[in-house]
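Colleague: Have a look; sequence and predicted model below, questions after that.
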Amino acid sequence: MATVKVSFTAVTAHVRTARLVALAVARRAGVAEEMLDEVRLAVGEACSRAVGVHSQLGGEHPVMMQLSDDRDRFSVEVVDRGTLDEDPAGVLADIDLHEVSSRALDDDIPETLPSGFGLAVISGLVEDLDVASDGASTRVTMVWPTTLRRGGI
Amino acid sequence: MATVKVSFTAVTAHVRTARLVALAVARRAGVAEEMLDEVRLAVGEACSRAVGVHSQLGGEHPVMMQLSDDRDRFSVEVVDRGTLDEDPAGVLADIDLHEVSSRALDDDIPETLPSGFGLAVISGLVEDLDVASDGASTRVTMVWPTTLRRGGI
Amino acid sequence: MDPDLSVAIRSEGDRTVVAVSGEIDVYTAPKLREHLIDLVSGGHYQLVVDLEGVDFLDSTGLGVLVGGLKRVRAHDGSLHLVCSQDRILKIFRITGLTKVFPIHASVTEALSADA
Amino acid sequence: MDPDLSVAIRSEGDRTVVAVSGEIDVYTAPKLREHLIDLVSGGHYQLVVDLEGVDFLDSTGLGVLVGGLKRVRAHDGSLHLVCSQDRILKIFRITGLTKVFPIHASVTEALSADA
Ligand SMILES: Nc1ncnc2c1ncn2[C@@H]1O[C@H](COP(=O)(O)OP(=O)(O)O)[C@@H](O)[C@H]1O
Ligand SMILES: Nc1ncnc2c1ncn2[C@@H]1O[C@H](COP(=O)(O)OP(=O)(O)O)[C@@H](O)[C@H]1O
């Protein structure tokens, strides 16, 4: 198993760095070409979310991302220092994106989409998804199958 | 100051990951466009060297790379778990690349260039270079000036 | 100047076409938001946002488009999108925003639709 | 198949042109080394290695080229390089290998030089 860990200052510019790394490593790990857009988007959402959490918390904690290539699976873990208010399983189960999207239109301008929206997009994209939160941090884990093998990442 | 840390399993494929990240972050940090090839090459050499050191050592230690953006300087640190046999200042001062290159031709085939060659290439590329070795690890630090500022990396 | 996102604005009759290219994400979305706010402040309420040059769009970008839509609606305006790329359409579909935005395959088609 | 490096080999009279494209680095250099070893084992000693399609070359790649040169010299052969890109030439200059390899601006020029 080969692993790449990236930790970065919680600024939005580095979400692009994280996406770039995840895309390159996923490709090398053998994630199917047609799945790479999804990896890029899901990793971007997870990292954006983590950066947002850290900016609200203040402090200088980096966001951590770990990419692992384990035989026939490629997994990405994104860890932030925030805690979810609600049970993560509940958050994911409850979100109805279509309902959220239409409701978003009724709210007053300041146009940020509701919190939880990023996570909901991830759950719409990634089948094998886990969100775990303890008292100190939240960890989003996304797994994709790998198809071709080119000798490890 | 914004920082990106990358640690990766010591396999050659990840030297490319490291180059990719370094190039993206350097560009964002405002390293001059005409210097980016040099950054890419020097970071690649430093990481190749570290991967080589780790493969000789065996074990599972990752190679670590840290990219920092500090006002008008962009610095890259590459840390391996090896120790240099010789005084690093001495290694750098002594290497005469031209002499090494021509000598390389006289040696027997197995065609690896002499050890120290990668480090020597870095010293030919990077003006602000430091190589430090203690009992446990060797750290190659390369610094480039940044010119334009686009609001931090 | 930000090479990561560029925005070109032109008038077509009483409509304003906003052609975006690059990546609309958490880093660049604020720039697009500013452009949309400026347009609405300047009295441009019939917008066509052309996403054909966009190669990445995340939920922050969606948020900015939704915000733009709300702003123009507050003036009885409209915000049409131009997008024929599957990978960009996908995030509109996942989020149900295909029901919220009129999405066209070309600028010509968007301009000939009712504002 | 490795999209990171590709090698195309063709004969031109008694010379063999090895056109390399992609990145020659610590990861891909072993592949290039194998090609050069195969050629020499197959009796091809007059090589022209065309680096015009290469966009990255590191010291491991240089090592492979030096190794190739040694192998052909052991058979009184030659290894000419084609490279007009400054960023690739730079590493040859830094390392003094410009004195070791004949470097040409085009394949035509390399082929018309003495082997
Ligand atoms: N998911 C992660 N992504 C990026 N970096 C990480 C991650 N987890 C840990 N790290 C970094 O690697 C260091 C050592 O990790 P390790 O001891 O493997 O962590 P753990 O014990 O949590 O598995 C940590 O101090 C941290 O800086
Ligand atoms: N130069 C580096 N590059 C990448 N990762 C690093 C580097 N230095 C430390 N790390 C990782 O970050 C973790 C925490 O780093 P930190 O406590 O800041 O290290 P240090 O105390 O050595 O400065 C370490 O356990 C290691 O996994």
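Modeller: Okay, I see it. Ligands and ions are numbered 1, 2, ... in the order given.
Colleague: ok, C:Leu62 to chain B distance?
Modeller: 23 Å (C-beta to the nearest C-beta, to the nearest Å). Glycine gets a C-beta too; all of them are placed from N, C-alpha and C.
Colleague: That should have said C:Ile37, apologies.
Modeller: Distance, C:Ile37 to chain B, by C-beta to the nearest C-beta: 19 Å.
Colleague: That residue against C:Arg71, yeah?
Modeller: Yes. With contacts counted by C-beta atoms under 8 Å, C:Ile37 reaches C:Arg71, the gap being 7.1 Å.
Colleague: and C:Ser11, what does it touch?
Modeller: Listed by C-beta atoms under 8 Å, 6 or more residues apart in numbering or on different chains, the contact partners of C:Ser11 are C:Val17.
Colleague: So it belongs to a strand, correct?
Modeller: Yes. When DSSP: H, G, I helix; E, B strand; the rest coil is applied, C:Ser11 is found to be in a strand.
Colleague: That one bridge partners, please.
Modeller: Taking DSSP bridges as the rule, C:Ser11 bridges to C:Thr16.
Colleague: what pLDDT does it get?
Modeller: Predicted confidence (pLDDT) for C:Ser11: 97.
Colleague: do A:Ser55 as well
Modeller: 88.
Colleague: May I have the phi/psi pair for it?
Modeller: The phi and psi torsions at A:Ser55 (degrees, to the nearest 10) take the values phi -70, psi -30.
Colleague: Verify the contact between it and A:Ala10 for me.
Modeller: Yes. Here A:Ser55 reaches A:Ala10: they are 6.0 Å apart, a contact under C-beta under 8 Å.
Colleague: Between those two, which is the more surrounded one?
Modeller: Shown here are A:Ser55 and A:Ala10; by other C-beta atoms under 10 Å in any protein chain shown, A:Ala10 has more neighbours (24 against 12).
Colleague: Find the nearest non-adjacent residue to the more buried one, please.
Modeller: Excluding the flanking residues, the one nearest A:Ala10 by C-beta to C-beta, 6 or more residues apart in numbering or on different chains is A:His54, at 3.5 Å.
Colleague: Nearest to the middle of chain A, which residue? Look it up for me.
Modeller: A:Ala46 (2.3 Å; C-alpha atoms, centre = their mean).
Colleague: that's a helix at that one, yeah?
Modeller: Yes. Counting by three-state DSSP, A:Ala46 is found in a helix.
Colleague: Helix, strand, or coil at the nearest residue to it once chain neighbours are set aside?
Modeller: The shortest distance from A:Ala46 to any residue other than its chain neighbours is 4.0 Å, reached at A:Val78 (C-beta to C-beta, 6+ apart). Of the three states, A:Val78 takes strand under three-state DSSP.
Colleague: Equivalent analysis for C:Val18, please.
Modeller: Secondary structure, three-state DSSP: C:Val18 is strand.
Colleague: which one of C:Ile37 and C:Arg71 has more residues nearby?
Modeller: C:Arg71 (21 against 16).
Colleague: how much space between the more buried one and chain A?
Modeller: Distance of C:Arg71 to chain A, computed by C-beta to the nearest C-beta: 6 Å.
Colleague: starting at the chain centroid, how far to the strand or helix carrying that residue?
Modeller: Secondary structure here is read from DSSP states H and E; on that basis C:Arg71 sits in helix C:59-73. The chain centroid and the centroid of helix C:59-73 are separated by 8 Å, computed with C-alpha atoms, centre = their mean, to the nearest Å.
Colleague: For that helix, buried residues please.
Modeller: Within helix C:59-73, the residues scored as buried using 16 or more other C-beta atoms under 10 Å in any protein chain shown are C:59-72.
Colleague: With respect to chain A, which of those residues is nearest?
Modeller: C:Gly67 (2.2 Å; C-beta to the nearest C-beta).
Colleague: what's the pLDDT at that closest one?
Modeller: With respect to pLDDT, C:Gly67 scores 92.
Colleague: Please apply the same query to A:His98.
Modeller: Reported pLDDT for A:His98: 66.
Colleague: now swap in A:Ser115 and tell me
Modeller: 65.
Colleague: How about C:Ser21?
Modeller: 97.
Colleague: Contact partners for it?
Modeller: Per C-beta under 8 Å, 6+ apart, neighbours of C:Ser21: C:5-6, C:8, C:53-54.
Colleague: Mind checking what secondary structure A:Phe74 has?
Modeller: Relying on three-state DSSP, one would call A:Phe74 strand.
Colleague: My read is that it contacts A:Ser68, right?
Modeller: Yes. In this structure, A:Phe74 is within contact of A:Ser68 by C-beta under 8 Å, at 7.3 Å.
Colleague: So those two - more neighbours on which side?
Modeller: A:Phe74 (25 against 20).
Colleague: residues contacting the more buried one?
Modeller: A:Phe74 makes contacts with A:25-26, A:29-31, A:39, A:67-68, A:143-146, as judged by C-beta under 8 Å, 6+ apart.
Colleague: Next one: it relative to A:Ala42, how far apart?
Modeller: Going from A:Phe74 to A:Ala42 by C-beta to C-beta, to the nearest Å gives 12 Å.
Colleague: Likewise for C:Ile9?
Modeller: Distance from C:Ile9 to A:Ala42, by C-beta to C-beta: 32 Å.
Colleague: neighbour-wise, which of these two wins?
Modeller: A:Ala42 (27 against 14).
Colleague: Now do that one, the pLDDT please.
Modeller: Per the predicted model, pLDDT is 97 at A:Ala42.
Colleague: The one 5 residues further on now?
Modeller: A:Cys47 is assigned a predicted lDDT (pLDDT) of 97.
Colleague: What residues does A:His61 make contact with?
Modeller: A:His61 neighbours (C-beta under 8 Å, 6+ apart): A:10, A:54, A:81.
Colleague: a markdown table for those residues, including secondary structure?
Modeller: Shown next, in a markdown table, are these (three-state DSSP):
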| residue | secondary structure |
| --- | --- |
| A:Ala10 | coil |
| A:His54 | helix |
| A:Arg81 | coil |
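Colleague: of all those residues, which comes closest to ligand 2?
Modeller: A:Arg81 (13.9 Å; C-beta to the nearest ligand atom).
Colleague: Show me where the chain has its strands.
Modeller: Just so you know, I chose chain A. A:2-8, A:63-70, A:73-80, A:128-133, A:138-145 (DSSP state E).
Colleague: not what I meant, chain C
Modeller: So, for chain C - with DSSP E - the strands run C:5-12, C:15-24, C:46-57, C:78-82, C:103-104.
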